[in-house]
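Visitor: Give me a 3D structure for the following:
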Amino acid sequence: MKPSIRLIIVLVISFTCISYSQTKIQPHKTKVMTLGVFHFDYPNLDVKKTSDKDKIDVLAPEYQEEIKRIAAALEEFKPTQIFVEAGAQKQKKIDSLYNTYKEGKYNLGRNEVEQLGFRLAKQLNLNEVNCIDTWGKLYESLNYLLSDTSSRAKAFEKYYFNNPDTVYSAAEKSNSADSKNIISDLIKINYPQRIKESLGSYLIGHFKYEEKEGDYTGADFEAGRWFDRNLRIFRNVQRHITKDTDRILVIFGAGHMNVLNYLFECSPEFELVSPEPYLRKAARLE
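Guide: Here you go, the predicted model:
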């Protein structure tokens, strides 16, 4: 075989391998924006409760105007699917409320699922708002401990509620409003550094609880309560991706972003988009 022909064959094979390699390491990525929020209706399900003096009424005209500006700014991201912090078992109820709202027969409630999720979905003419929240799975040994009415359960409860790191953590702070301006609060609680610091709160306090010296009671509790829960939420997002053209908006309590954002950043299937430029645009829409 002549050297020139041999060289051509080698080059063709090399080019084919390089092209295939590039295809393998550069798959399509679905754009996903995560918007961390404080809970607009203040369900007070966290250990740290919001006092009445620190609450705002999002139905008041000044806050409705802010929410409209947020929705207008987020609309420019052009999400094709919106995911919200509501259990999958509530999907039929949410569908019914959303359809009634689209028909002009329902006034939005205070929670962010409706104020942001419904409002934006209607503006974009989407068919639904997807419920993807769920609970994590605890070890069987922990299910027994937490359901036990003996001194074992009481000891864990006492440690949980009386440990200063547990009672008021950065993670819970990330789910709270600092001021009485919705847009500025959302900008603050979506700062990457604040989100990163909030994850540390799940690694102290009751995370260190040991029912017996040297065991992993606290770590196992947090593995199910928080880390497994967010992994399952992430999996629920994956289940809904059906087209290359999908663009995803996830509206959840800001505390979840310390795990969810990391998962989206690491996943080869997603490209994480910051909400900050859109929120700052909302602030300028006054």
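Visitor: Helix, strand, or coil at Arg225?
Guide: Secondary structure for Arg225, judged by DSSP: H, G, I helix; E, B strand; the rest coil, is helix.
Visitor: Would you enumerate the residues in contact with it?
Guide: 136, 138 (CB atoms under 8 Å, 6 or more residues apart in numbering). Yep, even glycine has a C-beta here, placed from its N, CA and C like the rest.
Visitor: cutoff 6 Å now
Guide: Gly136 (CB atoms under 6 Å, 6 or more residues apart in numbering).
Visitor: which parts of stretch 217-226 are buried?
Guide: 217-226 (16 or more other CB atoms under 10 Å).
Visitor: Report the distance from that stretch to the chain centre.
Guide: Chain-centre distance of stretch 217-226: 19 Å, with CA atoms, centre = their mean, to the nearest Å.
Visitor: Near the residue lying closest to Pro268 once chain neighbours are set aside, how many other residues are there?
Guide: Spatially, and ignoring its direct neighbours in sequence, Pro268 is nearest to Pro27 (5.9 Å; CB to CB, 6 or more residues apart in numbering). Burial of Pro27 is recorded as 8 neighbouring residues (other CB atoms under 10 Å).
Visitor: about what we covered before: looking at the buried residues of stretch 217-226, which one is closest to Lys208?
Guide: Gly218 (5.4 Å; CB to CB).
Visitor: Please list all residues in contact with the closest one.
Guide: Counting by CB under 6 Å, 6+ apart, Gly218 has contacts 206-209.
Visitor: And the strands in the stretch 51-200 of the chain?
Guide: 81-87, 130-133 (DSSP state E, counting those that start in this stretch).
Visitor: so can I have TSV of those showing distance to Leu145 and mean neighbour count?
Guide: Formatted as TSV, those follow (distance: least, CB to CB, whole Å; neighbours: other CB atoms under 10 Å):
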stretch	distance to Leu145	mean neighbour count
strand 81-87	24	21
strand 130-133	25	22
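Visitor: In CSV, list the ones you listed along with distance to Pro164 and mean pLDDT.
Guide: Formatted as CSV, those follow (distance: least, CB to CB, whole Å; pLDDT from 0 to 100):
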stretch, distance to Pro164, mean pLDDT
strand 81-87, 27, 97
strand 130-133, 29, 98
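Visitor: mind putting those strands in JSON lines, distance to Ser141 included?
Guide: Rendered in JSON lines, the data for the strands of the stretch 51-200 of the chain read as follows (distance: least, CB to CB, whole Å):
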{"stretch": "strand 81-87", "distance to Ser141": "25"}
{"stretch": "strand 130-133", "distance to Ser141": "25"}
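Visitor: quick one, which of those is nearest to Glu213?
Guide: strand 130-133 (35.9 Å).
Visitor: send the alpha carbons of that closest one over as PDB?
Guide: In PDB, the C-alpha atoms belonging to strand 130-133 read as follows (Å, rounded to 0.1, in the frame of the first residue of the first chain):
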ATOM      1  CA  ASN A 130     -46.200  20.000  37.300                       C
ATOM      2  CA  CYS A 131     -46.200  18.800  40.900                       C
ATOM      3  CA  ILE A 132     -42.900  17.100  41.700                       C
ATOM      4  CA  ASP A 133     -42.400  17.300  45.500                       C
END
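Visitor: where does the stretch 101-250 of the chain dip in pLDDT?
Guide: Where the stretch 101-250 of the chain drops to pLDDT under 70, the residues are 167-179.
Visitor: circling back: can you tell me which two in the buried residues of stretch 217-226 are farthest apart?
Guide: Every pair of the buried residues of stretch 217-226 checked by CB to CB; the farthest is Thr217 and Trp226, at 14.7 Å.
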